[in-house]
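Chemist: sharing a model prediction with you, sequence too.
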Amino acid sequence: MPGLRRGRALLLAPAVLTVLLAAAFTDQGPRRADPGSGNRPEEGRAPTGIENLGHLIFIVQENRSFDHYFGTYESPSGAPVNGIPRNLNGSFAVCIPNPAQGKCQTPYHSTTLADNGGPHGHDASVIDVNGGKMNGFIRAAMDDDRARYCIEHPFKPACRHKTGPKGQPDVIGYHTSEEIPNYWAYADWGVLQDNMFAPVDSWSLPAHLYLVSAWAATCRSGPMTCRSEAATPIQDVYPWTDITYLLHEQGVPWGYYVSDETDLSCGLPLTRRDCTRRDNMSEVSWNPLLWFRTVKQNGQQGNVRSTSDFLEQVQDGTLPPISWVIPGEFESEHPNHGSLRPGERYVTGLVNAIGQSTIWDDAAIFITWDDWGGFYDHMKPPRVDTMGYGIRVPGLVISPYAKQSYIDHQSLSFDAYLKLIEDRFLGGERLDPTTLSRPDSRTSVREANPGLGDLAAAFDFGQPLRPAPILPT
């Protein structure tokens, strides 16, 4: 199988994931889900494009930049990859200033499975980007007390696993197939997007708000009182219009799946940041749909469900056409939340479950990370409006129609996910306040940005259906 040349088997899955996957692999005969309304081919006509895709599945992990995960990746196809720039002799052509040591340092191969990362709010993004120089990552990390100590004292015993061999801070470390073999194998097998940018130059909550609504804002009351806000805080209500409103209008089912330990009974007002704290919950900032006014008014709060429900629906063929899958804390890959290994194992389990079900035949799986987590990336983000884009993150596409070992160089963001949903299931309707039956005060239509790439380029709908990449967990 392409990609396994670099890979190695992962550790055994945790007991919880083992139980979930066992449920997904039972012998009960699956049945195909009705993909809902929107853009079905005419009776008797074979589908030739995105109408082949009956299930769009978005798996969103936490806080990794493209260069941090794929900065040294080489495609087996020989296609160029926009990784960390190099000189003709193979050395890195970038050097990031380290104010604590009075010199600059080049990226290094980090073999640790537990990264610290750096600040990743709006202010940190501005420092990291540094007017397009992309060299403020160490300086921004020094604003974090935990990171600052090891930047200033890199060879202290407590810091040895948090720094590189020359005392480099881990925000300029990168991983290879030695640490993340399955992610590199997925890139070998399918599509790697090397110009996928976070939708906003800020932290996880605004990124997840853009994931489902193409906007992040603060509001006084109703949808016409909202104003763009990159540093959007957790709020009791998000009153502007999200994609589920359009899906509900056109009768297209959707599901937003979070960790089994997430408290889905959290009511309003949201008096505590984490509602009922549980060991492996999905953070409130990763799960904003419960607090969208449209979701409550449409009676669709029950569409926010658990990962167990996702796997059961995959297995029995009842998964809705649109699915977002959000990790719990321990499998999120969030810096300072544990090892990389549980996150990669969790994602592999999801892909394996889909690949061994009848859902696979018309599925498109998109894997991404919500923001850069403070880790170095050399690409200056495009400015499409006052809110973004943010720093580049990895993007992968897995589907029976996915091109093999394909590097997608288009400029992409989470807006492209919404654009694909709208083109496939909503007849191309956009989250445009001039056409919405429920307008809001947004000033741009992100999905209509002429510089935004088209995810359809990741697929070859004329090729024979490819079998799923079933990888070890």
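Modeler: Right, received. Where do you want to start?
Chemist: what's the offset of the one helix or strand residue 347 maps to from the middle of its chain?
Modeler: Element membership for residue 347 (DSSP states H and E) is helix 341-355. When C-alpha coordinates are averaged (CA atoms, centre = their mean, to the nearest Å), helix 341-355 and its chain have centres 14 Å apart.
Chemist: can you pull out the helices in the stretch 51-200 of the chain?
Modeler: With DSSP state H, counting those that start in this stretch as the definition, the stretch 51-200 of the chain shows helices at residue ranges 66-70, 122-129, 137-141, 145-152, 181-189.
Chemist: next: the stretch 301-450 of the chain.
Modeler: Ranges of helices within the stretch 301-450 of the chain are 307-316, 341-355, 414-425, based on DSSP H, counting those that start in this stretch.
Chemist: just name the most buried of those.
Modeler: With neighbours taken as mean count of other CB atoms under 10 Å, the helices of the stretch 301-450 of the chain reach their highest mean count in helix 414-425, at a mean of 25. (Glycine included, C-beta is placed from N, CA and C.)
Chemist: tell me the mean pLDDT over that one?
Modeler: Across helix 414-425, the average pLDDT comes to 98.
Chemist: and it, how far out from the chain's middle?
Modeler: Relative to the centre of its chain, helix 414-425 is centred 15 Å away, using CA atoms, centre = their mean.
Chemist: on contacts alone, who are the packing partners of that helix?
Modeler: Helices and strands touching helix 414-425, as assessed by 3 or more CB pairs under 8 Å, 6 or more residues apart in numbering; DSSP states H and E, comprise strand 55-61, helix 204-213, helix 243-249.
Chemist: switch to 7 Å and redo it
Modeler: Contacting helix 414-425 under the criterion 3 or more CB pairs under 7 Å, 6 or more residues apart in numbering; DSSP states H and E are the following elements: strand 55-61, helix 204-213.
Chemist: now the weakest link among the helices of the stretch 51-200 of the chain, please, by mean pLDDT.
Modeler: When the helices of the stretch 51-200 of the chain are compared on average pLDDT, helix 145-152 comes out lowest at a mean of 88.
Chemist: on that earlier part again, tell me which of the helices of the stretch 51-200 of the chain lies nearest to residue 167.
Modeler: Shortest distance between residue 167 and those, using CB to CB, is found for helix 145-152: 8.6 Å.
Chemist: so how far is the closest one off the chain centroid?
Modeler: The offset between the C-alpha centroid of helix 145-152 and the centroid of the whole chain comes to 28 Å, using CA atoms, centre = their mean.
Chemist: CA atoms only for that helix, dumped as CSV, please.
Modeler: Output in CSV follows, covering the C-alpha atoms of helix 145-152 (Å, rounded to 0.1, in the frame of the first residue of the first chain):
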residue,chain,number,x,y,z
ASP,A,145,5.7,31.8,31.1
ARG,A,146,6.0,28.0,30.7
ALA,A,147,7.7,28.3,27.3
ARG,A,148,9.9,31.3,28.3
TYR,A,149,11.8,29.4,31.0
CYS,A,150,13.0,26.7,28.6
ILE,A,151,13.8,29.3,25.9
GLU,A,152,16.0,31.1,28.4
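Chemist: who does it touch, helix- and strand-wise?
Modeler: Counting contacts by 3+ CB pairs under 7 Å, 6+ apart, helix 145-152 packs against helix 137-141.
Chemist: so where's this structure uncertain?
Modeler: Within the chain, the stretches falling below the threshold (pLDDT under 70) are 1-48, 267-274.
Chemist: try 80
Modeler: 1-48, 146, 266-277 (pLDDT under 80).
Chemist: make CSV out of the helices of the stretch 301-450 of the chain and add distance to residue 218.
Modeler: Output for the helices of the stretch 301-450 of the chain, formatted as CSV (distance: least, CB to CB, whole Å):
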stretch, distance to residue 218
helix 307-316, 31
helix 341-355, 31
helix 414-425, 20
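Chemist: alright, I will stop here.
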